[in-house]
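Asks: show me the folded form of this:
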Amino acid sequence: MQKTNTPTLPLIAIIGPTASGKTRRAVALAKAIDGEIISGDSRQVYRGMTIGTGKDIDEYDDIRYHLIDIVEAGEKYNLHRFLKDANEAIADIRLRGHQPIICGGTGLYIESLLNGLRLPDVPENKPLRKSLEGKTLQELTALLASMKQLHNISDVDTPKRAIRAIEIQSYYAAHPEEAVATLPAPIDSVVIGVDIDRELRRQKITERLHRRLDEGMVDEIRHLLASGISPDDLIYYGLEYKYITEYVIGQLSYAEMVSQLEIAIHQFAKRQMTWFRGMERRGHTIHWLSAELSDSEFVDKANDIIHTYGAF
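Replies: Now for the predicted structure:
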């Protein structure tokens with residue numbers, strides 16, 4: 001297929017659950033259409049968190065990538081920073097005449113980007129935070145649900161995140177002019193999903209977990225702890241960093257860690273698919289292609305989909 005250097009092509013998104021092989025497919029497509037890849041993963045931004053986040057840098061070959069290893073482990077990267085960084089990357093890629101492809105499994109980040117969401121810098125509200133201290137996640141979630149939310153973007157799986165969501169909505173209520181300024185305008189995009197059979201997905205997750213353990217994932221987390229990052233900060237990142245940290249500090253046995261982590265990753269993959277199905281209900285068209293296609297077959301079918309949108 002002939003390459004193009006126009007800066008006005010739609011954004012292409014390659015999405016799918018963990019272990020579906022979406023990075024490899026995005027790289028194959030990028031090679032075919034002169035693309036560059038933007039990571040849509042909430043944890044791959046952190047330096048030193050490589051094995052546990054599945055960066056698989058070798059898969060990129062000579063394809064340029066963005067939003068990987070851009071902040072220090074221990075920081076709290078968030079949706080606001082992602083939208084700013086991703087939009088800057090898209091503009092840079094287009095300015096240089098290449099095709100931006102966002103690839104990842106963090107549904108909140110990717111859907112917000114595709115929706116054209118913009119977020120103001122919401123400052124910390126210390127009195128509000130103090131008033132919410134001690135409340136349970138259920139209580140905080142109920143309070144958030146009672147507020148008039150501008151956008152349904154809140155990831156409230158911990159009290160800390162729920163408090164931040166309440167803080168943001170309170171800021172919107174006090175500054176309606178800034179809330180209006182954030183009303184989203186969806187961007188032109190083509191979304192392709194990697195559809196993997198549930199049992200095959202489970203098999204790949206299990207195999208990948210044991211491979212990463214063999215590759216030194218426990219040592220990676222020991223190194224992060226030794227560098228001064230607190231156990232609580234690593235546990236905050238969830239999945240591998242939560243369970244392996246709990247093992248390293250003596251809260252879990254090795255067998256307990258492996259068992260609980262495997263279950264958690266399976267549950268995470270299920271939540272990812274729930275989010276993607278929700279995206280479809282919310283109006284996003286996702287073109288699902290089988291994970292069992294070869295790379296060349298995937299690229300051919302992806303190109304056919306892109307052509308129907310008049311992208312090339």
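Asks: quick one, grab the pLDDT at the closest residue to residue 35 other than its chain neighbours.
Replies: Of all residues not flanking residue 35 in the chain, residue 99 sits nearest, at 4.0 Å (CB to CB, 6 or more residues apart in numbering). Where you see a C-beta, it was placed from the backbone N, CA and C, and this is true even at glycine. Residue 99 carries a pLDDT score of 96 in this model.
Asks: residues contacting residue 99?
Replies: With contacts taken as CB atoms under 8 Å, 6 or more residues apart in numbering, residue 99 has the following neighbours: 4, 9, 12, 30, 33-36, 93.
Asks: I'd like the residues you listed written out as a markdown table, with pLDDT added.
Replies: Shown next, in a markdown table, are the contacts of residue 99 (pLDDT from 0 to 100):
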| residue | pLDDT |
| --- | --- |
| 4 | 41 |
| 9 | 75 |
| 12 | 97 |
| 30 | 98 |
| 33 | 95 |
| 34 | 95 |
| 35 | 97 |
| 36 | 98 |
| 93 | 97 |
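Asks: what distance do you get for residue 120 to residue 264?
Replies: Distance of residue 120 to residue 264, computed by CB to CB, to the nearest Å: 34 Å.
Asks: please read the previous query as pertaining to residue 56.
Replies: 20 Å.
Asks: the stretch 201-312 of the chain: helices as residue ranges?
Replies: Taking DSSP state H, counting those that start in this stretch as the criterion, the stretch 201-312 of the chain carries its helices at 217-226, 231-236, 239-248, 254-281, 295-308.
Asks: format those as JSON lines; extra columns: mean pLDDT and mean neighbour count.
Replies: As requested, the helices of the stretch 201-312 of the chain are exported to JSON lines (pLDDT from 0 to 100; neighbours: other CB atoms under 10 Å):
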{"stretch": "helix 217-226", "mean pLDDT": "97", "mean neighbour count": "17"}
{"stretch": "helix 231-236", "mean pLDDT": "93", "mean neighbour count": "16"}
{"stretch": "helix 239-248", "mean pLDDT": "97", "mean neighbour count": "22"}
{"stretch": "helix 254-281", "mean pLDDT": "96", "mean neighbour count": "15"}
{"stretch": "helix 295-308", "mean pLDDT": "94", "mean neighbour count": "16"}
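Asks: quick one: the ones you listed as TSV, columns for distance to residue 195 too.
Replies: As requested, those are exported to TSV (distance: least, CB to CB, whole Å):
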stretch	distance to residue 195
helix 217-226	27
helix 231-236	31
helix 239-248	22
helix 254-281	9
helix 295-308	11
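Asks: nearest to residue 124 among those would be which one?
Replies: The minimum distance between residue 124 and the helices of the stretch 201-312 of the chain falls on helix 231-236, with 17.2 Å, by CB to CB.
Asks: just the C-alpha atoms of the closest one, please, in CSV.
Replies: Presented in CSV, the C-alpha positions along helix 231-236 are these (Å, rounded to 0.1, in the frame of the first residue of the first chain):
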residue,chain,number,x,y,z
PRO,A,231,5.8,-0.4,49.2
ASP,A,232,2.6,1.6,49.3
ASP,A,233,3.5,3.4,46.1
LEU,A,234,4.2,0.1,44.3
ILE,A,235,1.1,-1.5,45.7
TYR,A,236,-0.9,1.5,44.3
